[in-house]
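K.L.:
3D, please:
(3 chains)
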Amino acid sequence: MILIARSGPTRAEATSLATHLVLAAACLIVLAPVVLVVIDSFKSRQSIFGRAFDLPIGGSFDLTGYQLVLTRAHFPLYFLNSVVVTSVSTVLILGIGAMAAHALAEYRFRFNRLLVVYFALGIMISIRLGSVGIVRLLSGWGLTNTIWALVAVYTAQGLPLTIFIMTQLMRQIPAELKQAARVDGANEYQVFWLVLPLVRPIIATVAVFLMIPIWNDLWFPLILAPAESVRTVTLGTQQFIGSFATDWQAVLAALTLALIPPLVFYAAFSRQLLRGLTAGAIK
Amino acid sequence: MLRVHCATSRFPLHIVVFIAPALVIYTVLMVYPIAATLAESLYRATGSGSGGQTAFAGIDNYLALVGARPWAVRFWGALEHNVAFFLIQFLVQNPLGLLLAVLLSRPGLRLGAAYRTILYVPAMLSIVIAGFVWQLMLNPLWGIVKASLDVLHIGGLFHPWLGLESSALIALALISTWQFLGMPMMLYLTSLIAIPSEIVDAARVDGASAWTTFWRIQFPLILPTVGIVAILTYTGSLNAFDLVFALQGPLAAPNYATDVLGTLFYRTYFGGMGTAADPAMGSTIAGMTFVIVLAGVLVYLIGWQRRATVYEL
Amino acid sequence: MVALGANGGPAVHAQTPVNLVLESWRVEDAAIWEGTIIPAYQATHKDVTITYRPTNSSFYNAALGTELQGGTVGDVFACQPFDTSEAFYNQGYLPKINDMPELAHFSALARSGWTTRDGVNTYCMPVASVMEGFTYNKDAFDKLGLTPPNTRAEFFQVLDAIKKDGTYIPLAMGTYDGWTVGDRGLYSNGPNFWKGEEGRQALIGGTAKLTDPQFVDAMRFVAQWRPYLAADPEAIKYTDTQEMFPLGQAAIMPAGSWEISLFRQKAKFPMGVFMPPVANPGDQHYIDQQIDIAFTYNPKSANVDAARQFVDWLGTAEFATLYSNALPGFFTLGDYEVQVADPLAQEYLSWLKNAKPTLRLAEQYLSTGNPSLESDLFTLMPQVLNGTLAPEDAARMAQQDLDSWYQPPQR
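P.N.:
Below is the predicted model:
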């Protein structure tokens, strides 16, 4: 032990430096384009097109884009719609998906294998293919131009992937744990409740995977809920960009603003994720 | 194994309760509408031009898609591009994601949360935005890439990569890699962290180098995740559409060099920009895509799952 | 124009306000519709409110098709010309509007984009046409002592002079968005080569082929623009060119009349337009006057009467005046004498005094099948302009594809 401790710190330091260098470099590459958009959104038109390296200070600073975005579009409303749709859908997918995944991972019964494959099919094909059928169904139920139409579709869309990932990883949970609970008198629903915290990091990870495509989706809000009162932020931004397609300042401002909600989401969930990870998930 | 459930004749209600909601929602809102669309691929339009009548055609449409003018050249071209897309994701994006995940999983890493958040930022953007940002940077007139190369006096290295047949697809694949690097990274990270630190520590104490530790200890323990990531990459790249559509348009400029099965489907099924819609062939393309994806997944489910042992920790 | 009630007396019928949803691909015009046109209609039709709900043009056709099949389409919606609308009509989604009173003001040519091939049934009310030519920076021309060209020789002289001077990029044009090359390059300049309608009808009738000199020469003319574009045009988009020109970086832009509003907003210099050039002085000019947008109503709408009434109103002189002035560069298709205020719009209109109008080459009949001539041209022409494909080869490939499915009508 002592031998290793002596050579340990030096080696650890070197690898630690290398680690940080690589990670930092990756972050730089990853972030630079995004930072560019943000910087450009504060610049004047001439500056955007004439002097790529200029910072938005002094003469180059221009808030016209933001003024346009915030006055011409009803972003607070769109934002609220997006938040509701995304969070409700995510909760539903995770809840319903976890239940199904648990059952498929835990119980051996006749149709288990078949159901696994059945659900997995959903990952392999885009739900947009069924657009016409979905529109017909939902309009038949009178749900067009409601938030619920979107929630319904996104829930269906998110289930296959969630069940796929969670089934695989729930299989890794030690059986002894669950058997012990049963011996103690727990019913199956209580067993499920017991299992859930053990897969918190998975749930958090999957949640992040799910929320972002829902938030960023353009197609279903377009065909199912385009009315002003239920419009999502992404649809609103697209329309706005279409109206001002050649107004780069407005476009860049809109894009910058569109960055903020996912970032906030992720920052919030990242803490949950962190807690779950450092709690030492499966012990 | 000791069976805890008593009478085998008792109906496992709990299984139904757990699975029914997912089954119902998924079937009604996803399987049924998609099946209805795919069923269109078994019919052919009759009558002149854009009439609504159809006749049953069996697998004729599928045969036409792979073998007949004008479909075959577009289909095989698109498939080729999908494969190229997949290879770049698989050989560039996933290993990089794994590397970053390994680095991030080191115990006691400072700023870990910060790194994690930053590296995931592009994945949070909508694909349209990510594409737009890169298109702006690569713009020959006022993009930062050209400006930077000029400043360094190597402006000659600049090319309109997104507009050249030789480079457009690769450029798009790299943009997609840039954006979604965080996803395999997160999946790998989650499963790396699940490995109890005692195991890794024990290996280090025994004198194993970082490399050996990774290959002999960590990698085998995260094999299920590696499999998941591989499958998701496969299905993701075959369903790729948004980036190409947003940047290169439905005609997959330049000269179909960036055409993928998704864009081929879109412009065939919906028509537009001077072409009439052809739902029968469109849904055939969708059906074909599905078959190709299914084949790959079956390989995974049967081959990989049988081989990979799942280590219980 | 229906007034509700008369002289303050009781209304003939109690109306609950009807809300019509109006769909279109012109997201850019939202401000105009909401600010000018819709208020004008609502002022005289107090029982109706209208919501303008546009969708970006890249999604419009797909969204419209899905909505029509799913039953969620708006009460009134815009129709693209020719094949896509014809398909919707054949599937039964569009109404016959033959009996609408205002339709009488539209010629057969104006209606042709939205009428069945036998000329009998019209399904959308034509609203506007657009024209294309070249817009130029008058300050730049003055500075370099140039005048707008009439012949092709003069055209290249002007381009050479601008290039030699070096201050300006001669042409604001990119090849990234293929349709711009097909549209502003070939469709706009080609009619001078194939004599407008004569050539187009010959191609439709099968008596001419794309490999004939009049078509190949037109393609070659576009290929000759290459030296006058900015560097790396392969990655220059349409929206980039819409910035290059008003910013004063490029001196000439092959542009459409629909860009007038945009240029007015952004350009700080006086502008002019000139027609696509001809071979010799005194030659007949041909102008691509594209019938572009029409509207119709959803026959299954809950508010079908109000919707019908609105569509009919779109054919009136009142609407034509409003529209042409609010959106200079969109010209009414009706037989109205509309006074347009904008000088550039007036210049465009003046062309029609001497030039013969024609339609875009591939839009009627020649793009119904697969591969459609239009998508072929939009894919081949950028390569021709890039210099990677010879015009003869492009023509040959396009004709081969056309021959694979197109049958000229039997005589």
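K.L.:
Please, where are all the strands along chain C?
P.N.:
For chain C, strands defined by DSSP state E occupy the ranges C:18-24, C:48-54, C:76-79, C:125-137, C:169-171, C:250-256, C:271-274, C:286-297, C:331-332, C:356-358.
K.L.:
strands paired with the last one, and their directions?
P.N.:
Here strand C:356-358 has these sheet partners by DSSP bridges: strand C:286-297 (parallel).
K.L.:
How about the strand it pairs with, which residues are buried there?
P.N.:
By 16 or more other C-beta atoms under 10 Å in any protein chain shown, the buried positions in strand C:286-297 come out as C:Tyr286, C:Ile287, C:Asp288, C:Gln289, C:Gln290, C:Ile291, C:Asp292, C:Ile293, C:Ala294, C:Phe295, C:Thr296, C:Tyr297. Just so you know, the C-beta spots here come from the backbone N, C-alpha and C atoms, and that holds for glycine as well.
K.L.:
Just to check, the fourth one is in contact with C:Lys356?
P.N.:
What that stands for is C:Gln289. No - contact criterion C-beta atoms under 8 Å: C:Gln289 and C:Lys356 do not qualify, at 9.3 Å.
K.L.:
would a markdown table of the strands of chain C with distance to B:Tyr32 be doable?
P.N.:
Shown next, in a markdown table, are those (distance: least, C-beta to C-beta, whole Å):
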| stretch | distance to B:Tyr32 |
| --- | --- |
| strand C:18-24 | 28 |
| strand C:48-54 | 29 |
| strand C:76-79 | 28 |
| strand C:125-137 | 38 |
| strand C:169-171 | 53 |
| strand C:250-256 | 45 |
| strand C:271-274 | 55 |
| strand C:286-297 | 32 |
| strand C:331-332 | 47 |
| strand C:356-358 | 49 |
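K.L.:
Make TSV out of the ones you listed and add mean pLDDT.
P.N.:
TSV is the format used below for the strands of chain C (pLDDT from 0 to 100):
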stretch	mean pLDDT
strand C:18-24	93
strand C:48-54	91
strand C:76-79	96
strand C:125-137	94
strand C:169-171	96
strand C:250-256	94
strand C:271-274	95
strand C:286-297	92
strand C:331-332	90
strand C:356-358	91
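K.L.:
which non-adjacent residue is nearest the residue in the stretch 301-411 of chain C positioned nearest to chain A?
P.N.:
Distance from chain A to each residue of the stretch 301-411 of chain C (C-beta to the nearest C-beta) is smallest for C:Ala302, at 12.5 Å. Nearest in space to C:Ala302, with sequence neighbours left out and distances taken as C-beta to C-beta, 6 or more residues apart in numbering or on different chains, is C:Asp75 at 7.9 Å.
K.L.:
Count residues in the vicinity of that neighbour, would you?
P.N.:
Per other C-beta atoms under 10 Å in any protein chain shown, the neighbour tally for C:Asp75 reads 24.
K.L.:
Correct me if wrong: it contacts C:Ala306.
P.N.:
Yes - counting by C-beta under 8 Å, C:Asp75 does reach C:Ala306; the two are 7.4 Å apart.
K.L.:
can you list residues touching both of those two?
P.N.:
Jointly contacting C:Asp75 and C:Ala306 under the rule C-beta atoms under 8 Å, 6 or more residues apart in numbering or on different chains are C:Leu20.
K.L.:
Show me how the chain divides into domains.
P.N.:
In the absence of a named chain, chain A is used. A:11-63, A:73-277 (automatic domain parsing).
K.L.:
Can you look at chain C instead?
P.N.:
According to automatic domain parsing, chain C comprises the domains C:18-130+C:290-351, C:132-288+C:353-403.
K.L.:
Looking at C:Gly9 now. What's its pLDDT?
P.N.:
In this model, C:Gly9 is scored at 43, pLDDT.
K.L.:
Let me have the buried residues of strand C:286-297 in TSV, adding distance to A:Val230 as columns.
P.N.:
Formatted as TSV, the buried residues of strand C:286-297 follow (distance: C-beta to C-beta, whole Å):
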residue	distance to A:Val230
C:Tyr286	49
C:Ile287	45
C:Asp288	41
C:Gln289	40
C:Gln290	36
C:Ile291	35
C:Asp292	31
C:Ile293	27
C:Ala294	29
C:Phe295	25
C:Thr296	26
C:Tyr297	24
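K.L.:
List the buried residues for stretch C:78-93?
P.N.:
With burial defined by 16+ other C-beta under 10 Å, the residues of stretch C:78-93 counted as buried are C:78-91, C:93.
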